[in-house]
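Visitor: quick one, fold the following:
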Amino acid sequence: MDTAIRKPANAMASDRAKGDRIRIGCALLIAAALLYYGALQAWPFFADDAFISLRYSDRLLHGHGLTWNTFTPVEGYSNLLWTLLCALLGALGMDLAVAARALGIACTLATCALLAHRFRRTWGGALVAAAFAAAPSVPIWAIGGLEMPLVWLALSAGLLQCERAFKSERVGRDLLCAGSCFAAACLTRPDAPLFLALAVAVTALAYWPRGGRPMFIAVLWLSLVPAIAIGAQLLFRLAYYGDYLPNTARVKLGNSTELWRGGLGYLRFSWPAFMPLVAPAVLCSLANAKTVASWPAHFTRTPLLARLPFVMLLFTTLLTWPTYVVIIGGDIFPGWRLLSPMLLPAAILTGLLCETLALSGRKMQWLAIAIALVSITSNRIGAHFDPETRRAAEERFEHDYLALGTMLLQAFEQQQPLFAVQAAGALCYASRLPSLDMFGLNDRAIALDPAPRIESDPGGAFGAAHRRGRPEYLLQRAPDLVSFDEMLIPIDAAGMAFVDSPAFTSDYRCVLFDAKVVREHGTARGQELVLPLWVRSQGCIGITTGKETVRVPAFLLGSLRHSQGHRYPAPNAPPEQIAKFAAEHPEVLRWWSRPVVAAPAAITMAMQLEVRQPGTFTLGPFDLSIGEWSPALTPAQKGCRVELTHEAAMGTLSLIVDPAAQLPLRLDAIELRRAR
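Guide: Numbers count the residues shown, from 1 in each chain. Okay, the predicted model is just below:
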């Protein structure tokens with residue numbers, strides 16, 4: 001009799017397991033398809049800041065440690081675990097950018113697998129994994145190169161493990177596993193301890209009716225591994241970097257109301273991207289709210305009351321994280337990156353709602369499936385019309401900067417010039433040159449400099465993180481190369497004071513560097529990639545002076561000298577503004593038309609001057625000791641000659657190219673020899 005009963009029971013269990021596997025597989029296939037389609041919409045987006053982390057990974061692989069330069073170590077990354085995992089894949093022979101993409105996609109699919117496995121009992125619940133993958137933020141940041149997919153994975157695993165702990169008698173093991181997941185999140189982002197704090201608070205509240213000792217033990221099990229991980233990272237930070245905060249946090253610290261205004265604006269425009277999951281999540285939370293009054297006095301292991309602490313944890317996370325994002329001023333990246341962690345509690349709450357409905361009866365199963373399908377469809381439609389998806393797809397300057405950085409590495413690897421940049425990602429990663437981050441993310445002196453309080457600037461997170469630094473410090477560092485992205489001069493106050501200083505106007509010249517590749521970004525997409533860089537004329541890649549000879553790099557000829565107070569229009573400025581400036585400063589307009597550019601030699605990759613139009617191209621004045629000097633072109637070219645004007649220990653060179661010269665022509669340098 002027992003055997004006869006046991007066989008149908010075993011068969012039912014086997015059928016149920018088979019059905020669970022089918023639902024998991026179908027949900028993952030749909031999620032993978034949606035992720036692939038969303039990634040195609042945003043392709044080839046790869047965040048510039050991802051290359052900052054990859055530079056640390058690259059230097060670690062080359063034996064330089066987790067450093068930005070060979071100078072004083074500074075923690076310019078905020079994703080330790082992500083940086084180490086990328087380095088691990090790089091050690092296995094994978095390109096670091098490919099490794100970051102692969103890691104992001106793998107973590108995103110693993111998050112979808114966790115959601116599908118948790119809600120495998122019903123079709124409506126399992127499809128929540130696909131709804132998560134369809135959210136506008138998810139495909140963008142699955143391929144974006146930064147650490148958010150690892151945060152999704154760690155957060156979802158930690159939250160779901162907390163649910164098991166609230167239901168299970170094996171409290172210690174389950175909470176220890178949950179704490180390990182939160183520890184991974186804390187090592188991935190410095191603000192992830194907020195998730196841990198919420199989990200600890202809800203766990204304490206959940207076990208409070210059972211007495212002080214069970215509550216203390218539960219909190220101890222949950223916080224043990226994260227405390228060890230956070231403490232170990234703090235000790236490492238103090239020993240290695242000499243600071244208890246990451247440098248990125250010091251740059252972004254601020255308490256002005258402009259941060260709140262920027263954060264509120266960021267949140268206000270983001271709601272269409274999150275509402276398809278947040279709306280059913282709120283509905284699930286409200287459905288469970290009626291049991292709150294009876295819960296503390298009647299704590300039991302019944303399914304409804306055991307689920308209540310978990311719902312509280314999800315709902316408080318869903319409310320607290322956007323509040324934190326508002327306080328720090330939002331984010332500058334496309335795709336609502338910083339708000340994306342709230343998708344996890346929203347997706348789990350939506351899954352709970354669908355699961356509850358589906359288990360209530362056959363008719364409710366179709367309602368649950370309908371909710372999941374509406375969420376998926378709304379997310380995909382929203383992603384299609386979301387301007388942040390388009391912004392991610394159109395942001396390709398990183399690929400242009402990779403090409404320019406590679407050219408600079410090939411041309412100046414031996415000289416090792418100090419390269420000052422504002423966008424410190426792709427340029428610094430590809431060039432591998434000593435770099436000065438003028439925004440301070442990777443420079444402690446700038447990060448510690450107090451930011452001016454400017455209440456009229458609604459720049460949010462961007463404004464707070466890009467106003468520090470003093471021109472005196474930048475001039476003291478004396479960078480050999482300076483990049484203000486595609487702008488001739490910066491727009492921040494510290495940067496403008498830097499370029500308006502007498503030392504900068506006298507010693508720096510702006511040169512147009514041609515990377516010999518086609519642009520992938522901006523209105524000039526498909527045209528040649530030519531970007532302006534300021535070169536210190538007396539620096540290590542500038543004029544070199546010996547006892548009897550002076551060598552002037554030819555690419556300095558025809559360069560632009562900045563005049564104090566001049567403000568140049570941006571490349572995308574209105575035509576009337578550009579026309580007005582051109583009328584007032586025709587010499588700048590002619591220089592911008594690229595009659596001469598700096599370009600790499602075909603074989604040696606040394607930087608040369610490429611002359612494209614006839615005319616006179618000058619450099620000066622520059623320091624030149626008193627005496628008779630004889631200039632000569634290297635190599636000599638027909639149809640062009642060089643003249644030297646020498647007065648009061650200052651020299652000016654003029655390259656004269658005749659209309660009959662065969663253009664374009666290439667020049668390496670001007671050699672000045674002292675007459676005997």
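
Visitor: so where's the chain shaky on pLDDT?
Guide: Within the chain, the stretches with pLDDT under 70 are 1-13, 15, 253-258, 288-306, 450-469, 520-524, 571-572, 676.

Visitor: which one's the longest strand in it?
Guide: Determined from DSSP state E, the single longest strand within the chain is strand 508-518.

Visitor: packing partners of the helix or strand containing residue 390?
Guide: Element membership of residue 390 [criterion: DSSP states H and E] is helix 387-394. Helices and strands touching helix 387-394, by 3 or more C-beta pairs under 8 Å, 6 or more residues apart in numbering; DSSP states H and E, are helix 2-42, helix 137-142. Quick note: C-beta positions are derived from backbone N, CA and C, even for glycine.

Visitor: which of these sits most buried?
Guide: The highest mean neighbour count among the helices and strands packed on helix 387-394, using mean count of other C-beta atoms under 10 Å, belongs to helix 137-142: a mean of 28.

Visitor: burial of the residue nearest to residue 555 when sequence neighbours are not counted, as a residue count?
Guide: Counting by C-beta to C-beta, 6 or more residues apart in numbering, the nearest residue to residue 555 once its immediate chain neighbours are dropped is residue 598, at 3.7 Å. Other residues within reach of residue 598, judged by other C-beta atoms under 10 Å, total 25.

Visitor: I'd like the helices and strands packed on helix 387-394 as JSON lines, with distance to residue 235 appended.
Guide: Shown next, in JSON lines, are those (distance: least, C-beta to C-beta, whole Å):
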{"stretch": "helix 2-42", "distance to residue 235": "38"}
{"stretch": "helix 137-142", "distance to residue 235": "31"}
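
Visitor: residue 321 is nearest to which of those?
Guide: When the helices and strands packed on helix 387-394 are compared by C-beta to C-beta, helix 137-142 sits nearest residue 321, at 13.0 Å.

Visitor: tell me how far the helix or strand that comes right after that closest one lies from the chain's centre.
Guide: Later in the chain than helix 137-142, the nearest helix or strand by DSSP H and E is helix 148-167. Distance of helix 148-167 from the chain centroid (C-alpha atoms, centre = their mean, to the nearest Å) equals 24 Å.

Visitor: just checking, what packs against helix 148-167?
Guide: helix 80-91, helix 96-118, helix 137-142, helix 171-188, helix 193-207, helix 212-241, helix 303-327, helix 343-358.

Visitor: including distance to residue 126, could those go into TSV?
Guide: Below are the helices and strands packed on helix 148-167 laid out as TSV (distance: least, C-beta to C-beta, whole Å):
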stretch	distance to residue 126
helix 80-91	28
helix 96-118	5
helix 137-142	17
helix 171-188	21
helix 193-207	25
helix 212-241	28
helix 303-327	18
helix 343-358	8
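
Visitor: where's residue 129 relative to residue 346, distance?
Guide: With distances taken as C-beta to C-beta, to the nearest Å, residue 129 is found 13 Å from residue 346.

Visitor: neighbour-wise, which of those two wins?
Guide: More neighbours surround residue 129 than the other of residue 129 and residue 346, with 33 against 29 (other C-beta under 10 Å).

Visitor: quick check: buried residues in the one helix or strand that one maps to?
Guide: Under the criterion of DSSP H and E, residue 129 resides in helix 128-134. Neighbour-count burial for helix 128-134, counted by 16 or more other C-beta atoms under 10 Å, picks out 128-134.

Visitor: from the chain's centroid, how far away is that helix?
Guide: 24 Å.

Visitor: ok, residues contacting it?
Guide: 27-28, 30-32, 34-35, 38, 108, 111-113, 115-116, 119, 138-139, 276-277, 343-344, 347-348, 350-351, 354, 372, 375-376, 379-380, 383 (C-beta atoms under 8 Å, 6 or more residues apart in numbering).

Visitor: hmm, 7 Å instead?
Guide: If you take C-beta atoms under 7 Å, 6 or more residues apart in numbering as the criterion, helix 128-134 is touched by 27-28, 30-31, 34-35, 112, 115-116, 119, 138, 276-277, 343, 347, 350-351, 354, 372, 375-376, 379-380.

Visitor: residues of the helix or strand harbouring residue 495 that come out buried?
Guide: Using DSSP H and E, residue 495 sits within helix 493-499. Under the neighbour-count criterion of 16+ other C-beta under 10 Å, helix 493-499 has 494-495, 497-499 buried.

Visitor: repeat that for stretch 526-542.
Guide: Under the neighbour-count criterion of 16+ other C-beta under 10 Å, stretch 526-542 has 529-539, 541-542 buried.

Visitor: stretch 263-276 now?
Guide: Using 16+ other C-beta under 10 Å as the test for burial, stretch 263-276 gives 263, 266-267, 270, 272-276.

Visitor: who's in contact with the helix or strand hosting residue 381?
Guide: Element membership for residue 381, per DSSP H and E: helix 362-385. The set of residues external to helix 362-385 that reach it, using C-beta under 7 Å, 6+ apart, is 34, 38, 41, 122-124, 127-128, 130-131, 134-136, 272-273, 276-277, 280, 350, 353-354, 357-358, 389.

Visitor: let's see it at 8 Å
Guide: Residues outside helix 362-385 that contact it (C-beta under 8 Å, 6+ apart): 30, 34, 37-38, 41, 122-125, 127-128, 130-131, 134-136, 139, 272-273, 275-277, 280, 350, 353-355, 357-358, 389.

Visitor: chain center to stretch 335-349: distance?
Guide: Mean C-alpha position of stretch 335-349 versus that of the full chain (C-alpha atoms, centre = their mean) differs by 18 Å.

Visitor: ok, stretch 641-660 next?
Guide: Put simply, stretch 641-660 sits 46 Å off its chain's centre (C-alpha atoms, centre = their mean).

Visitor: for that stretch, buried residues please.
Guide: Buried-residue list, stretch 641-660, by 16+ other C-beta under 10 Å: 642, 644, 646, 651, 653-655, 657.
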